[in-house]
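Student: could you work out the structure for the sequence below:
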Amino acid sequence: MDRNAVRNAWRLFNLRESPFFQEPLQADTRYPMSLFVGRTADTDRLLGKIERSPASSRQTIRGAVGVGKSTLAQHIKAEAAVAGILSTPAAVSVGSALTVDQLCALVLRSVLDALLGGAANQASLRRKVENAEAVHQASQMVRVYQATTGSSGGLSVAGFGGSAGRATTLVTPPTATPSLMIQGLLQQLVRLAREALGRNAFLVHLNNLENLTESSAERAAQLMRDVRDICFMIEGYHWLVIGTDEAVRTVIDAQPQLASVFSTPPALAPLMKTEFLELLRRRYAALRVEESRPARQPVEPEAASALYELFDGDLRGSLAALDEATGELLGFGAGGSDAPLTLGDMMPFLARWYARRAEERLGKSPVVLLQKLARRHADKPFTLRAVRDEIMKGRNNAAARRFVEELLRFGYVKEHPERLQSGGRPAAQYVIAGAAKLATSLGWEQPA
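Tutor: Predicted coordinates:
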């Protein structure tokens with residue numbers, strides 16, 4: 001068949017684009033929160049804590065990479081907005097902050113963006129917010145600190161004050177760093193939100209605690225401890241810290257100063273397969289080209305469900321695999337150009353694609369080690385010690401750690417929710433991820 005005839009094969013299924021996107025849902029975007037599925041108990045718990053602690057709250061959302069933590073955080077922010085709580089879609093990246101002042105500057109930027117967003121629809125309110133002294137001081141602090149550190153990040157408040165003709169260059173003493181001023185500024189900003197906008201609190205979302213190395217996790221823990229009293233305990237602010245289970249254990253649970261004030265529930269469970277299929281159904285319906293006609297499923301439900309099972313509930317990984325397969329094969333399945341793809345259509349392609357991708361990312365020798373690891377531990381967790389002794393015989397702990405960190409970074413292994421209790425300090429455990437199963441043909445034994 002002529003490939004040009006099916007260049008936009010999504011139209012064959014009455015879809016305008018791929019429904020297998022991996023971006024978190026956000027309000028007022030092309031992927032709205034109406035596509036959110038499941039998580040009723042998790043939502044009730046997180047929102048209930050905020051409602052029961054109107055002065056301030058501190059919570060974590062923890063779980064495996066790709067399980068849907070960031071999307072749940074966006075859902076919580078959208079629901080909290082109904083109760084008058086301001087937030088911004090962007091998260092504060094803890095992992096990218098090197099100092100306490102940098103983290104404080106990022107928090108200030110997030111609060112300023114949320115405040116300006118709350119006033120965006122009314123010009124008079126926007127002017128009132130922009131002209132407030134606290135806003136000028138906070139935005140000046142962020143700009144000056146970013147200019148002196150070389151930090152950036154698309155600060156949207158850089159033009160505060162310009163519309164009213166007020167000077168935007170404030171004189172700040174050298175000692176006026178974000179960490180020294182943030183407590184007072186945050187108090188003034190929440191007061192302004194209440195008086196000018198009638199909004200009673202802010203929700204700040206701290207993210208990027210994903211697969212941190214040991215040294216970066218320790219640095220993040222130090223930063224979070226140092227900002228506890230000057231940020232986390234201020235009245236009028238709710239905090240959500242998002243990360244993998246291991247990262248949250250290291251950064252929050254292992255620090256008595258933080259563990260005593262943060263609510264740290266169990267890790268998020270993967271969506272059930274029925275919920276995953278409902279998620280796909282909603283996406284198909286939302287992306288219809290012709291509203292008068294239903295969308296047709298581009299992938300057989302049984303095939304999508306089997307891939308989700310192969311990825312052990314890794315939502316992001318499953319969607320990425322479906323996106324790669326449909327992007328290459330849609331319109332060329334064995335059932336014809338307008339037939340949904342089957343598992344048999346997709347798996348040979350995915351096995352080749354993931355194997356080639358693994359070699360490009362890791363190199364030939366590490367892929368051989370990954371294959372050995374995947375076959376030995378296909379259905380059971382393993383520790384760093386097992387990698388050192390069984391897979392990398394003759395290598396030291398540092399080499400084994402670097403190898404596992406590289407596999408974590410590219411999503412070939414993931415953290416196991418339970419640590420191995422074998423006397424002394426409990427050891428972190430890992431499991432083979434779906435991408436590695438495909439790359440090593442564990443998910444698809446090709447015919448001889």
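Student: which ones are touching the nearest residue to Gly95 once chain neighbours are set aside?
Tutor: Counting by C-beta to C-beta, 6 or more residues apart in numbering, Gly95 lies nearest to Asn208, which is 3.7 Å off, once chain neighbours are set aside. Placement of C-beta: from N, CA and C, glycine included. Residues in contact with Asn208, defined by C-beta atoms under 8 Å, 6 or more residues apart in numbering, are 91, 93-96, 243.
Student: quick check: next helix or strand after the one helix or strand Ser305 maps to?
Tutor: Using DSSP states H and E, Ser305 sits in helix 301-310. Per DSSP H and E, helix 301-310 leads on to helix 315-329 as the next helix or strand towards the C-terminus.
Student: next one: that next one to chain centre, how far?
Tutor: Put simply, helix 315-329 sits 18 Å off its chain's centre (C-alpha atoms, centre = their mean, to the nearest Å).
Student: pLDDT below threshold where in the chain?
Tutor: For the chain, applying pLDDT under 70 flags the ranges 1-7, 96-97, 146-176, 210-214, 333-336, 422-424, 442-448.
Student: report the central residue of it.
Tutor: With distances taken as C-alpha atoms, centre = their mean, the chain has Ser70 as the residue nearest its mean C-alpha position (4.0 Å).
Student: how far does the helix or strand that residue falls within sit from the chain's center?
Tutor: Using DSSP H and E, Ser70 sits in helix 69-82. Relative to its parent chain, helix 69-82 has a centroid offset of 12 Å by C-alpha atoms, centre = their mean.
Student: now do the buried residues in it.
Tutor: Within helix 69-82, the residues that qualify as buried are 69-81, counting by 16 or more other C-beta atoms under 10 Å.
Student: and of these, the nearest to Asn200?
Tutor: Ala80 (10.5 Å; C-beta to C-beta).
Student: so which of the contacts of Asn208 belong to strands?
Tutor: Within these, residues falling in strands by DSSP state E are 93, 243.
Student: most neighbours among the contacts of Asn208, please name it.
Tutor: Highest neighbour count within these: Gly243, with 28 neighbours (other C-beta atoms under 10 Å).
Student: including distance to Glu275, could the contacts of Asn208 go into a markdown table?
Tutor: Listed next are those as a markdown table, based on distance: C-beta to C-beta, whole Å:
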| residue | distance to Glu275 |
| --- | --- |
| Ala91 | 24 |
| Ser93 | 29 |
| Val94 | 29 |
| Gly95 | 29 |
| Ser96 | 32 |
| Gly243 | 23 |
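Student: run the chain-centre distance for the helix holding Ser305.
Tutor: 23 Å.
Student: cool, and stretch 226-246?
Tutor: Relative to the chain's own centre, stretch 226-246 is displaced by 17 Å; criterion: C-alpha atoms, centre = their mean.
Student: and Asp338, what does it touch?
Tutor: Contacts for Asp338 (C-beta under 8 Å, 6+ apart) come out as 12-13, 296, 331.
Student: what about it, distance to Ser57?
Tutor: From Asp338 across to Ser57, the span is 51 Å (C-beta to C-beta, to the nearest Å).
Student: so what does Pro366 look like in phi/psi?
Tutor: phi -60, psi -30 (degrees, to the nearest 10).
Student: and the nearest residue to Ser70 once chain neighbours are set aside, helix, strand or coil?
Tutor: Distance criterion C-beta to C-beta, 6+ apart; nearest residue to Ser70, sequence neighbours excluded, is Pro24 at 4.3 Å. Secondary structure state of Pro24, per DSSP: H, G, I helix; E, B strand; the rest coil, is coil.
Student: and if you look at the one 5 residues further on?
Tutor: Three states are possible here, and by three-state DSSP the one that applies to Thr29 is coil.
Student: run a quick neighbour tally on it.
Tutor: A total of 12 residues lie near Thr29 under the criterion other C-beta under 10 Å.
Student: what does Arg361 give?
Tutor: 17.
Student: drop anything exposed from the contacts of Asp338.
Tutor: Among the contacts of Asp338, those buried by neighbour count (16+ other C-beta under 10 Å) are 12-13, 331.
Student: TSV for the residues you listed, including secondary structure and distance to Gln429?
Tutor: What follows is those, written out as TSV (DSSP: H, G, I helix; E, B strand; the rest coil; distance: C-beta to C-beta, whole Å):
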residue	secondary structure	distance to Gln429
Leu12	helix	45
Phe13	helix	41
Gly331	coil	42
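Student: out of those, the closest to Lys372 would be?
Tutor: Nearest to Lys372 out of the buried ones among the contacts of Asp338 is Gly331 (C-beta to C-beta; 37.8 Å).
Student: quick revisit: can you put the buried residues of helix 69-82 in TSV and add distance to Ile182?
Tutor: What follows is those, written out as TSV (distance: C-beta to C-beta, whole Å):
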residue	distance to Ile182
Lys69	26
Ser70	25
Thr71	29
Leu72	27
Ala73	22
Gln74	25
His75	28
Ile76	24
Lys77	21
Ala78	26
Glu79	27
Ala80	22
Ala81	24
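Student: residue ranges for the strands of the chain, please.
Tutor: Going by DSSP E, the chain shows strands at 56-62, 85-86, 92-93, 201-209, 237-243, 382-383, 413-415, 429-432.
Student: parallel or antiparallel, which strands does the third one pair with?
Tutor: For strand 92-93, the paired strands and their directions (DSSP bridges) read strand 201-209 (parallel).
Student: which parts of the partner strand are buried?
Tutor: In strand 201-209, counting by 16+ other C-beta under 10 Å, buried: 201-209.
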